[in-house]
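[1] Quick one, what's the 3D model for this:
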Amino acid sequence: MSTDTKPNTFFIDEREIDIRPGETIFNAARRLDIKLPHLCYSPKPGYRPDGNCRVCMVEVEGERVLAASCIRTPTPGMKVKTETERATTARRMVAELLMADQPDQAHAHDPDSELWKIAKRQKIEPGRFPKREPIKVPVPDRSHVAMAVNLDACIHCNLCVRACREVQVNDVIGMAGRGHHEQIVFDFNDPMGASTCVACGECVQACPTGALMPSTMVNENNVYKGKPDRTVDSVCPYCGVGCQLTYQIKDEKIVAVSGRDGPANENRLCVKGRFGFDYVHNKQRLLKPMIRKEGVPKVPHELIDPGNPWTHFREATWEEALDRAAGGLKKIRDRDGPRSLAGFGSAKGSNEEAYLFQKLVRTGFGSNNVDHCTRLCHASSVAALLEGVGSAAVTATFNECKNSDLIIVIGANPTENHPVAATFFKQAAKHGAKLVVMDPRGQALKRHAWKMMQFKNGADVAMLNAMLNVIVEEKLYDQQYIQTYVEGFDAWKENIKDFTPEEMAPICGIEADTLREVARAYARAESAIIFWGMGVSQHTHGTDNARCLIALSLITGQIGRPGTGLHPLRGQNNVQGASDAGLIPMFFPDYKSVENPEIRAQYEKAWGVKLDPKRGKTVVEIMDAVHAGEIKGMYIEGENPAMSDPDLNHAREALAHLEHLVVQDLFLTETAVYADVVLPASGWPEKDGTVTNTNRQVQMGRQALPLPGDTRHDLWIIQEIANRMGCGWTYKHVSEVFTEMASMMPALANISWDRVEREDAVTYPTDGPDQPGRDVVFDQGFPRPGGFAKLVATKIQPPDEVPDAEYPFILSTGRQLEHWHTGSMTRRAEVLDAIEPNASAQLSRGTIVKLGIQPGDMVRVTTRRGVVELAARQDDAVPDGVVFIPFAYVEAAANLLTNPKLDPFGKIPEFKFCAAKVEAVDPMTRVAAE
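    Residues are numbered from 1 along each chain as shown. The predicted model follows:
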């Protein structure tokens with residue numbers, strides 16, 4: 001072999017290899033399939049090497065001491081030896097010393113850990129070196145419901161510290177003490193369960209010894225329960241981030257979950273994704289079809305024990321249940337016409353289920369009365385984006401924040417609602433990006449912010465238009481970009497003149513100087529990106545809020561380039577895909593108008609039926625139509641409007657009023673209580689199918705578990721209902737549904753079922769079957785007439801209902817970290833419900849003092865629509881005069897209180913603002929009432 005030195009190469013075990021910028025010897029060796037041991041380093045995204053464990057030592061020719069390969073970078077001509085006696089002896093000695101203090105293998109917390117694997121590969125037999133004295137062995141810590149802490153196995157590698165501080169950026173874990181007293185600590189040496197740990201479990205996934213373990217994997221004595229029988233790769237069933245994960249399965253049950261290197265999560269998970277998996281095994285799971293008993297009435301607000309539905313329902317065979325379900329719907333359709341029926345599909349299911357469900361409503365029911373939860377989360381964002389840029393999806397993935405100089409997060413609380421996405425925001429801020437958080441509530445993300453703009457509830461337009469005014473008046477806009485890609489600027493500019501920072505500051509509560517400073521920073525940034533959540537969209541002026549954000553991006557040219565763009569953070573795991581697939585009343589798949597004759601003709605030809613030329617009703621409109629006697633039958637698949645709709649008195653009375661209701665779900669939800677037929681569905685880990693996350697990434701979910709009891713796959717159920725209504729479908733596999741769906745959706749061009757199955761995730765749009773998808777879009781114009789984006793002027797409009805003497809508080813609702821949506825899944829996940837078991841009204845310190853109560857005392861929250869009683873929780877992020885209530889708790893359902901008034905464009909209710917009254921509950925009064 002030639003040893004002539006070439007520029008920019010070096011040698012590992014006499015094999016020449018190129019030098020890559022920033023690459024260490026360790027990672028270069030892996031390219032040659034040389035697997036050096038590692039403990040303090042994780043070769044996964046986000047982890048930097050530390051070089052403290054010394055099990056990866058190699059010999060470098062001409063150097064006196066061995067080198068830690070994980071931190072050493074090569075130089076041209078360097079000659080590295082990995083298998084010399086000196087290097088292998090040193091590595092073996094380090095491992096043997098580390099093993100000396102480990103629990104023996106029979107009592108190990110994880111005998112399959114990286115440390116034990118190294119010991120086995122090197123044939124190390126512990127025992128040659130003395131163990132530490134028993135009095136110095138750290139005691140176990142089982143204070144956390146999700147994780148077991150056993151520091152007797154800790155080797156001080158610091159991986160958990162980096163996992164917490166640098167990957168998830170939660171800053172809970174650290175090192176304390178010196179010498180033999182040094183140890184891992186949580187916060188100020190608190191028990192893990194009493195610390196500020198958010199249970200993301202990144203430390204557990206990183207730990208190489210079993211010192212940190214999922215509680216499900218060890219017994220009460222902290223001994224390993226045994227290796228899983230098999231693993232299955234899939235996607236998280238919760239929020240719109242779309243984290244890829246691996247189910248670990250033992251005895252046909254999921255026992256643990258680990259993160260995978262998916263494009264959206266890079267191995268990371270949050271508490272829901274990692275520990276919220278056992279809802280599918282909950283004892284309340286529906287296992288048989290059920291039919292309402294004869295003579296049992298539907299009573300609004302009646303609560304039925306989900307574990308004992310037999311007071312109101314009886315078991316049925318699938319044949320009887322399907323005949324009854326479809327027969328009731330068909331009878332109403334034939335008697336009262338197609339528009340007398342409606343369907344709610346689900347953003348918790350697959351793209352294929354969403355496509356088939358909307359096709360059933362349109363071809364089997366005969367109308368466009370189909371909707372799902374997008375109407376309750378980002379409908380106004382979709383309306384504004386379609387109007388402004390011609391597309392309802394994000395213009396850039398959230399990962400693009402790594403290329404941003406300035407990041408705006410407005411009306412979103414990603415550390416709780418999109419925790420893995422939040423890790424990328426926090427990392428970007430640590431690396432120098434200016435993070436601007438805009439929200440009426442304070443939040444954990446503000447700790448990382450350059451500016452925290454805590455504006456007044458409902459004053460989004462005032463604040464954003466003031467920033468736009470600064471950019472226009474100071475001529476900070478991108479004139480060339482506007483001339484090339486934007487229409488309507490001159491007329492729009494006239495509207496913005498009156499929104500000066502000085503005029504808007506008293507309205508929005510942000511000082512004029514701050515408005516100017518942030519506006520200038522955004523306009524002058526090389527690359528700036530905007531993220532928003534339901535705090536922007538869930539208002540009667542939600543579409544105007546989004547129009548302002550679109551204007552910010554367009555007039556500054558902060559779109560279409562790396563690190564720029566507009567990104568509404570989607571709420572549920574498939575709300576993007578379900579909307580793309582046409583599960584909305586005004587659009588066919590791919591956002592094609594149902595009222596356009598040419599488009600409708602294409603679908604009529606493809607589906608072989610005449611289609612309704614009139615757009616259908618939205619979620620809240622459907623409930624109004626039930627009260628009006630227009631809609632008499634419904635099919636609800638995987639949605640829970642008896643908890644998620646605004647003004648639940650109105651919604652529940654509508655459900656009870658229906659002549660015929662079919663509910664398809666995992667549990668006897670609050671909605672299923674009103675059903676005539678209940679069909680037991682499949683959980684996400686029990687089926688195959690694709691989902692599309694907030695990043696436009698189409699990802700593959702794979703069946704990991706057999707169907708329990710007499711449940712059936714959702715696709716099978718939908719097809720059986722359809723065929724009983726005369727549709728004549730013959731789909732034999734989910735891939736056939738995907739292929740048909742993709743053929744009718746240009747956005748999915750070049751994305752086949754086989755490709756998604758092979759690659760796990762494909763971002764749309766993609767320019768070819770072998771081309772990667774495009775993370776950033778609109779670099780050369782927009783999918784609108786002439787390729788121009790459109791500016792739309794906005795004006796200040798107050799919320800529909802403002803505080804007054806009788807109702808002096810502002811009520812806002814939303815989600816929380818541990819629970820998701822209506823709680824039908826997370827409250828049946830043991831760990832999640834144990835962490836956050838009770839409903840609470842989150843109030844400021846000042847409000848609690850004013851009410852004369854203590855945190856934990858009961859309060860009564862009343863609006864013009866209803867009343868709930870729940871415990872007060874002190875939250876200094878909530879402004880005085882505001883009460884925030886999560887909506888996942890049936891025992892204190894926040895949506896009994898919320899205002900159903902709709903945004904005129906997106907038809908979304910005003911969940912984020914209504915007038916309320918908050919009072920202390922006299923314990924004696926409460927006892928008497930009970």
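[2] from here on, contacts and neighbour counts on C-alpha atoms
    Fine.
[3] Next, the closest residue to residue 588 other than its chain neighbours: secondary structure please.
    Leaving out its chain neighbours, the residue that sits closest to residue 588 by Cα to Cα, 6 or more residues apart in numbering is residue 582, at 4.7 Å. State at residue 582, reduced to three classes by DSSP: H, G, I helix; E, B strand; the rest coil: coil.
[4] and residue 582, what pLDDT?
    Model confidence at residue 582, expressed as pLDDT, equals 95.
[5] Next: residue 207.
    Listed pLDDT for residue 207 reads 97.
[6] ok, how many other residues are close to it?
    26 (other Cα atoms under 10 Å).
[7] hang on, it packs against residue 159?
    Yes - if you go by Cα atoms under 8 Å, residue 207 and residue 159 touch, sitting 6.4 Å apart.
[8] so residue 625 is in which element?
    Per DSSP states H and E, residue 625 falls inside helix 619-627.
[9] what's near enough to touch residue 820?
    By Cα atoms under 8 Å, 6 or more residues apart in numbering, the contact set of residue 820 is 238-239, 826, 888.
[10] Can you report phi and psi for it?
    With angles defined as degrees, to the nearest 10, residue 820 sits at phi -140, psi 130.
[11] Look up the pLDDT of it for me, please.
    For residue 820, the predicted pLDDT is 84.
[12] what's the burial count for the residue nearest to residue 588?
    27.
[13] what do you get for residue 125?
    By the criterion of other Cα under 10 Å, residue 125 has 11 neighbours.
[14] Pull up the gap between it and residue 98, please.
    Residue 125 sits 12 Å away from residue 98, going by Cα to Cα, to the nearest Å.
[15] next one: residue 845
    As defined by Cα to Cα, residue 845 lies at a distance of 49 Å from residue 98.
[16] next one: residue 562
    45 Å.
[17] pLDDT below threshold where in the chain?
    In the predicted model of the chain, residues 1-6, 923-930 satisfy pLDDT under 70.
[18] quick one: contacts for the residue most central in space within it?
    Centroid-nearest residue in the chain, with Cα atoms, centre = their mean: residue 239, separated by 2.2 Å. Contacts for residue 239 were tallied using Cα under 8 Å, 6+ apart; they are 417-418, 570-573, 820.
[19] hang on, residue 853 packs against residue 920?
    Yes - because the distance of 6.8 Å satisfies Cα under 8 Å, residue 853 is recorded as touching residue 920.
[20] Please enumerate the helices of the stretch 451-600 of the chain.
    Using DSSP state H, counting those that start in this stretch, the helices found in the stretch 451-600 of the chain span residues 460-473, 479-485, 489-496, 501-508, 512-524, 534-537, 542-556, 575-580, 597-607.
[21] elements contacting the longest one?
    When you say that, I think you mean helix 542-556. helix 379-389, helix 460-473, helix 479-485, strand 528-532, helix 534-537, strand 565-568 (3 or more Cα pairs under 8 Å, 6 or more residues apart in numbering; DSSP states H and E).
[22] okay, these in a markdown table with mean neighbour count next?
    Putting those into a markdown table (neighbours: other Cα atoms under 10 Å) gives the following:
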| stretch | mean neighbour count |
| --- | --- |
| helix 379-389 | 25 |
| helix 460-473 | 25 |
| helix 479-485 | 15 |
| strand 528-532 | 27 |
| helix 534-537 | 28 |
| strand 565-568 | 27 |
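[23] Take these and write them to a markdown table, including distance to residue 367.
    As requested, those are arranged in a markdown table below (distance: least, Cα to Cα, whole Å):
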| stretch | distance to residue 367 |
| --- | --- |
| helix 379-389 | 20 |
| helix 460-473 | 36 |
| helix 479-485 | 38 |
| strand 528-532 | 33 |
| helix 534-537 | 27 |
| strand 565-568 | 29 |
